[in-house]
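Asks: Mind folding the following:
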Amino acid sequence: MVTFRVAVERHLKAKSRLPVRLFFRLDVFRFLFGGKGVSREGWIFLEKEDFPSAYFPLGWDSWVDSHGQGMKVFYPLRVKPFISWSPKKYGVGMDGVSFLLPRAFQENVSFNFTKVALQDSD
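Replies: The predicted model follows:
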């Protein structure tokens, strides 16, 4: 959960508008967001109230610099949980024939949202 919050803060601070991908356990994702949001085209669109306040305290979705200027999330936040596989890797047997080694999987979440200045209204 902390990883997700930090990733949102970093994305708010960054100039990039590309989706963010992070390693995130899918069982934890289902615990936090199961049955919430609207699913469309593989993405889950989450509103502010879909984030449990016990894990996402007030102000987690904004970033402010030392001058009081900053950015905030303009909802909905688009999220896509998925599994990715490690690259293909081959081994060589005693007979000199190559063979495909088992691949590992990794649980991921990709998210994206529109950023707006703090002074802009919701």
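
Asks: any chance you could map the helices in the chain?
Replies: 2-13, 26-33 (DSSP state H).

Asks: Leu26 and Ser86: what is the separation?
Replies: Using Cβ to Cβ, to the nearest Å, Leu26 is found at 17 Å from Ser86. The C-beta positions use only the backbone N, C-alpha and C, and glycine is treated the same way.

Asks: Report pLDDT for the residue located most distally from the centre of the chain.
Replies: With distances taken as Cα atoms, centre = their mean, the residue sitting farthest from the centre of the chain turns out to be Asp95, at 44.8 Å. At Asp95, the model reports a pLDDT of 92.

Asks: where does the chain dip in pLDDT?
Replies: 120-122 (pLDDT under 70).

Asks: Return the distance of Gly70 relative to Leu12.
Replies: The value you get for Gly70 to Leu12, if Cβ to Cβ is used, is 7 Å.

Asks: Comparing these two, which residue is more hemmed in?
Replies: Leu12 (18 against 15; other Cβ atoms under 10 Å).

Asks: quick one, phi/psi of the residue farthest from the centre of the chain?
Replies: In terms of degrees, to the nearest 10, the main-chain angles of Asp95 are phi -90, psi 0.

Asks: residues making contact with stretch 22-41?
Replies: Identification of contacts with stretch 22-41 by Cβ atoms under 8 Å, 6 or more residues apart in numbering yields 1, 3-4, 7, 44-47, 50-52, 55, 76, 79, 81, 83, 106-110.
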